[in-house]
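Enquirer: Quick one, fold the following:
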Amino acid sequence: MCTCPLMRMRGTLRSHRTCSKKVKPTRAPVPVMMGTFHVAVRVFSLASPALGHELEMLVDTGATQSIVPRGILEDLSVPVERRQSFRLANGEAIDRDVGWVGVRFQDREAHTLAVFGEPADATLLGALTLEELGLEVDPRERVLKPTVAWLLAA
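Expert: I've put the predicted structure just below:
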């Protein structure tokens, strides 16, 4: 049976596998979820950009859209664009209102279609908003950093 550190770390002990005793894991297991951290973001009204709220948002690249608490979006007078269906990680289908809002992170600003969060919903900075801001996640350092945008040349 293979009992090398790499197979133990992966949790995949296999009897049909032979491993070199020289194999060592590249780093220790991470005690928190990889790639999750919070950042300070300013959310503001597109109709009145001076109206805004500073939020601590969980960076979640697994979420398509950002979620902002309904009370904050209503306070900013963000109109509901439409009702949209979503699927949760557990497979459950839910419907939420969405609307256009401005987001600012450090020196970057974008308009994004945000979900009107309900009380049980986390405040999230999702993948679409990250792309609109031109940012990517550095999961090891747990920071956002500028990304290179790609275009298809004609």
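
Enquirer: The protein: helices as residue ranges?
Expert: 5-10, 70-75, 127-132 (DSSP state H).

Enquirer: CA atoms only for the last one, dumped as PDB, please.
Expert: These are the backbone C-alpha positions of helix 127-132, laid out as PDB (Å, rounded to 0.1, in the frame of the first residue of the first chain):
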ATOM      1  CA  ALA A 127     -16.600  36.300 -10.600                       C
ATOM      2  CA  LEU A 128     -18.300  38.700 -13.000                       C
ATOM      3  CA  THR A 129     -17.700  41.700 -10.900                       C
ATOM      4  CA  LEU A 130     -14.000  40.700 -10.500                       C
ATOM      5  CA  GLU A 131     -13.700  40.400 -14.200                       C
ATOM      6  CA  GLU A 132     -15.400  43.800 -14.700                       C
END
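
Enquirer: quick one on the thing from earlier: lowest-confidence stretch among the helices of the chain?
Expert: Least confident of these, judged by mean pLDDT, is helix 5-10 with a mean of 46.

Enquirer: got the domain boundaries for the chain?
Expert: In the domain annotation for the chain, the residue ranges read 1-27, 37-145 (automatic domain parsing).

Enquirer: Please consider this matter closed, and thank you.
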